[in-house]
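>>> fold the following.
(chains A and B)
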Amino acid sequence: MSGLRSPHDYPGMLIVVEGVDGSGKSTQLDLMRSWLIQEGYDLFFTEWNSSKLVKKTTKLGKTKQILTPLTFALIHATDFSDRLERAIIPPLQAGMIVLADRYVWTAFSRDVVRGVDPEYVRDLYSFAVQPDLAFYFRVPLQTAVQRIFRGRAGLKYYEAGMDLGLSRDPAESFLKFQARIMEEYDKLVNEYGLVVVHGDHPIEKQQRRIRKVVLEKIKEKKMRPAGRKKA
Amino acid sequence: MKAHYFGAGIPTLRNVDLQGRLIVLEGPDCVGRSTQIRLLQEWLENLGYGVVTTSLCRSELTEIGLTKAKRGHEIGRRTLALFYATDLADRLERAIVPALQGGFIVLADRYIYTIFARYGVRGLSAQWLRKAYSFALVPHLTLYLEVDLDVLAERALKAEKLGFWECGMDMNLADNLYDSFMRYQKRMIRAFAKMTKEFEMTKVSAHGSVMTVQQRLRRRVRTLLDLKETEAVISAPEGPVVEGMD
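Sure, this is the predicted structure:
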């Protein structure tokens, strides 16, 4: 196993998007997905916090509001471990392109903001596969927050970071929480060489940049669309 | 006494004072841990201590999910090790440490050592396991029930406990329960033995009758609690009964 600090040697390709809620990462990932499908690539998609075996426990913890910074970190690592083993590594072995909506950096920023030791979180996820490409969607806080409030009726307890005691008002707590997460993300961009995308630029412009970077990587890895492989 | 963790500890409980004591009982499957814990609890309660017991997979957060996950064979060893870490963290934060702050004696049936042995023999990195569990509280006393393999096998057979996990059937060591049990438990005993020095575990022979073993365990607990042979604690169980030890 190669781990997070060194490139993997699977035939497939792992692309991840990171960023706060409302940064536009999922929109861009959807566009990237349709484009790659059209180009004939075999794709596999996985998102944060979605392991069938684990997510019920996470949900129970959130509903009962019994998650602490530590158990929040650990249950998400458990979820990630299960998905890595089942939804990320096998398609990579099969030579597919795996798209991941959020990856370890979501944990590295959120958990650290919640007070978990940064070294500890990195150790916990040291088994993760290093992505071939990791995009970080940077947006001004106001843009992200406006997007979230436009599309949603209310904020959930942990989503708003209410467990941190930053404010009794969910909206205000959310703002402070997101600001701190963005600070952490900015540190990670340098530490891990994430590719920064300006999430406040026009959608088409962002997508053009992403496709350019992805194409370069595809060329570098000599990946071929599945449809053309047999021809 | 300040809480002492293996590593960075628990973010919400970094500088807490513990009035009680955490006593861990470790040892392979079928060695008789649960029986011994029950007897220790009765004895300590009769002496006037408040006692709380805890064991793997009993946290409010993970009991349902982890029990279900273990039932199938779908879940990987690393994922299980992390699920158990979540379980321990939840119990430590919301049950064990609060009980210790309140002066209770906490008796733990298994702790991180069982996890280290179990997943160590299944090929997980020992170093990664220790880091992942570095939030754990260092017990005040860890008693390791030492047993010979043939004695362990006899106990397992008598108790009809040759189950899938006790035999390590997931490891494909043999095509039948008994041989698999012998090979698997041999590895587990070796893994435990290696840890006794690393973690300053107190070895206690598990050979002999239940009461013989119990007397050996009580002797160690008495030393920890600074109790004389016949001494009883006068104060009520709820009180900070082991004050002034440090």
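>>> give me the buried positions along stretch B:210-226.
Along stretch B:210-226, these residues count as buried under the neighbour rule (16 or more other Cβ atoms under 10 Å in any protein chain shown): B:213-214, B:216-218, B:220-221, B:224-225. Bear in mind the C-beta positions are built from the backbone N, C-alpha and C, glycine included.
>>> tell me the one of these nearest chain A?
Checking the buried residues of stretch B:210-226 against chain A with Cβ to the nearest Cβ, the nearest one is B:L224 at 27.3 Å.
>>> isn't that closest one up against B:G20?
No: B:L224 is not in contact with B:G20 according to Cβ atoms under 8 Å; the separation is 11.4 Å.
>>> phi and psi next, for residue 129.
Picked chain A for this. Main-chain torsions, A:V129, degrees, to the nearest 10: phi -80, psi 140.
>>> grab the nearest non-local neighbour of it.
In space, and not counting its chain neighbours, A:V129 is closest to A:H8: 4.9 Å by Cβ to Cβ, 6 or more residues apart in numbering or on different chains.
>>> might one say that that neighbour is in contact with A:A128?
No: between A:H8 and A:A128 there is no contact under Cβ under 8 Å: 9.9 Å.
>>> those two: which is more packed in?
Higher neighbour count among A:H8 and A:A128: A:A128, with 23 against 19, using other Cβ atoms under 10 Å in any protein chain shown.
>>> can you confirm A:V98 is in a strand?
Yes: counting by DSSP: H, G, I helix; E, B strand; the rest coil, A:V98 is part of a strand.
>>> tell me which residues touch the residue sitting nearest the centre point of chain B, please.
Among the residues of chain B, the one closest to the centroid is B:R110, at 1.8 Å (Cα atoms, centre = their mean). Residues in contact with B:R110 (Cβ atoms under 8 Å, 6 or more residues apart in numbering or on different chains) are B:24-26, B:33, B:55-56.
>>> for it, give me the pLDDT.
Note for B:R110: predicted pLDDT of 98.
>>> low pLDDT regions in chain B?
By pLDDT under 70, the low-scoring segments of chain B are B:229-246.
>>> if you set the cut-off to 50 instead, what comes out?
B:234-246 (pLDDT under 50).
>>> ok, which stretches of it are helices?
Assigned by DSSP state H, chain B shows helices spanning B:33-46, B:63-71, B:77-91, B:97-101, B:112-120, B:126-132, B:149-158, B:177-198, B:210-225.
>>> any idea how far whichever residue of chain A sits closest to chain B is from B:E60?
Closest approach between chain A and chain B, counting by Cβ to the nearest Cβ: A:T57, at 3.4 Å. Taking Cβ to Cβ, to the nearest Å as the measure, A:T57 and B:E60 are separated by 11 Å.
>>> between these two, who's got more neighbours?
Using other Cβ under 10 Å as the criterion, A:T57 and B:E60 rank with A:T57 on top: 28 against 15.
>>> any idea how far A:K56 is from the residue of chain B positioned farthest from its centre?
Distance from the C-alpha centroid of chain B, by Cα atoms, centre = their mean, peaks at B:D175 (29.9 Å). Distance of B:D175 to A:K56, given as Cβ to Cβ: 35 Å.
>>> likewise A:K217?
As judged by Cβ to Cβ, A:K217 and A:K56 stand 36 Å apart.
>>> can you give me the helices for chain A?
Taking DSSP H as the criterion, chain A carries its helices at A:25-38, A:55-63, A:69-83, A:89-93, A:104-113, A:118-124, A:141-151, A:170-192, A:203-220, A:226-230.
>>> now do the fourth one: distance to the chain's middle.
So the one you mean is helix A:89-93. Centre-to-centre, helix A:89-93 and its host chain are 18 Å apart (Cα atoms, centre = their mean, to the nearest Å).
>>> does it come close to chain B?
No: Helix A:89-93 is not in contact with chain B by Cβ under 8 Å from any Cβ of the partner chain; minimum separation 10.3 Å.
>>> ok, and what's touching that helix?
Outside helix A:89-93, the residues that touch it by Cβ under 8 Å, 6+ apart are A:8, A:10-14, A:42, A:44, A:98, A:129.
>>> could you redo the last one with a cut-off of 10 Å?
Outside helix A:89-93, the residues within contact range by Cβ atoms under 10 Å, 6 or more residues apart in numbering or on different chains are A:1, A:8-14, A:42-46, A:83-84, A:96-99, A:129, A:132.
>>> give the rounded mean pLDDT of that helix.
97.
>>> now that helix: buried residues?
Buried residues in helix A:89-93, counted by 16+ other Cβ under 10 Å: A:89, A:91-92.
>>> ok, A:F177 touching A:A144?
No: counting by Cβ atoms under 10 Å, A:F177 stays clear of A:A144, with 11.5 Å between them.
>>> could I get the pLDDT score of A:R208?
You'll see A:R208 listed with a pLDDT of 97.
>>> show the contacting residues for it.
If you count contacts by Cβ under 10 Å, 6+ apart, A:R208 has them with A:201-202.
>>> run through chain A and note the low-pLDDT ranges.
In chain A (pLDDT under 50), the answer is A:1, A:229-231.
>>> give me the phi and psi angles of the most centrally placed residue in it.
Centroid-nearest residue in chain A, with Cα atoms, centre = their mean: A:R102, separated by 1.1 Å. Phi and psi for A:R102, reported as degrees, to the nearest 10, are phi 80, psi 150.
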